[in-house]
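1. Turn this into a model:
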Amino acid sequence: GNMDSNSTIEEVAFSPLETGPDSILFMMGEILLYDFNNLELSLEKLKMLTEEYPKSKFASQSLYILSYFNPNGDWGKQLETNFPNSTYLNVDSEHKANSITAQLEIKRDYAWSLAENSYEASYIEFDRLYNKYNDTLSAYISAYISDYHLNDMEKAIKHYKVFADRYPGHSNFHHVDNRLKIIETDLTIQKSIYQQGIDYKSTVQFFQEEKDFDSTKVLLDHITKETDSHYKDAANQLKTAIRDYTELLEEIQHENPLGN
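-> Predicted coordinates for the structure are as follows:
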């Protein structure tokens with residue numbers, strides 16, 4: 001989720017229409033948060049406002065926003081102490097459920113932000129969110145990143161299977177189920193291609209070592225009969241080369257029956 005999806009905080013927070021220094025700081029905080037999606041710098045401006053202009057009409061709003069995005073700080077306590085009659089004290093109690101959801105969205109936003117430098121770090125954070133908060137969306141995103149960004153099929157299958165087993169009623173279930181089937185089909189195909197490669201290499205090695213044309217042709221026939229063989233063309237070319245060689249050898253022997 002993006003910052004501008006947090007309707008509760010957006011509705012109560014920003015509405016300055018003045019040009020004083022405190023108002024300008026507040027407006028900068030608004031622009032940084034909602035236009036540039038820069039939470040850290042936005043909160044720095046709001047902290048500056050509360051410290052330099054503690055009596056500002058925007059101070060209580062700023063403290064509320066700071067407490068909203070940083071619930072572990074003492075911003076909420078400052079709001080209660082400095083503005084005991086503030087309407088912003090009632091917002092959290094009225095929207096507690098929404099606040100929990102919003103906090104989780106913020107944590108997900110942070111997890112996604114890590115992907116700018118490292119998808120591995122982003123994956124680790126989403127996996128942590130899932131394990132700590134039992135967040136189904138984080139569980140899905142962990143699988144998604146493993147699959148499409150890390151190309152780690154082992155992790156992707158593990159996360160997709162856990163998701164499908166635990167959340168069969170989730171809106172993403174059908175996508176997960178279909179993706180699992182596609183991955184498993186792809187793995188089966190890759191395994192088959194790998195085995196075909198082994199068979200072809202073994203056949204070539206056998207031919208080089210034994211010079212047994214008949215046995216080699218039997219092995220090559222087996223490869224060319226497989227409809228989805230990726231080595232069919234190579235096997236046919238080798239069969240043609242062996243046929244041409246044996247025909248040439250027979251012709252030479254026919255012309256020189258005694259080897260003279």
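
2. Skipping its backbone neighbours, what lies nearest Y110 in space?
-> E125 (7.1 Å; Cβ to Cβ, 6 or more residues apart in numbering). (C-beta placed from N, C-alpha, C; glycine too.)

3. Would you mind measuring from the one you found to S67?
-> Remark: distance between E125 and S67 (Cβ to Cβ, to the nearest Å) = 23 Å.

4. cool, L248 as well?
-> In terms of Cβ to Cβ, L248 sits 90 Å off from S67.

5. on that earlier part again, identify the residues contacting the helix or strand where the residue nearest to Y110 lies?
-> Element membership for E125 (DSSP states H and E) is helix 119-133. With contact meaning Cβ atoms under 8 Å, 6 or more residues apart in numbering, helix 119-133 is reached by 104, 107-108, 110-115, 135-136, 138-139, 141-142, 145-146, 149-150, 155, 159.

6. which of the residues you listed count as buried?
-> 104, 107-108, 111-112, 114-115, 135, 138-139, 141-142, 145-146, 155, 159 (16 or more other Cβ atoms under 10 Å).

7. returning to that earlier point: check the residue nearest to Y110 and give its pLDDT.
-> On the pLDDT scale, E125 is placed at 95.

8. neighbours of it, just the number please.
-> 22 (other Cβ atoms under 10 Å).

9. Check the gap between it and L32 for me.
-> Separation of E125 from L32 (Cβ to Cβ): 23 Å.

10. Same question for F26.
-> 11 Å.

11. Check L25 too.
-> Counting by Cβ to Cβ, the gap from L25 to L32 is 11 Å.

12. what residues are shared contacts of those two?
-> Joint contacts of L25 and L32 (Cβ under 8 Å, 6+ apart) are K45.
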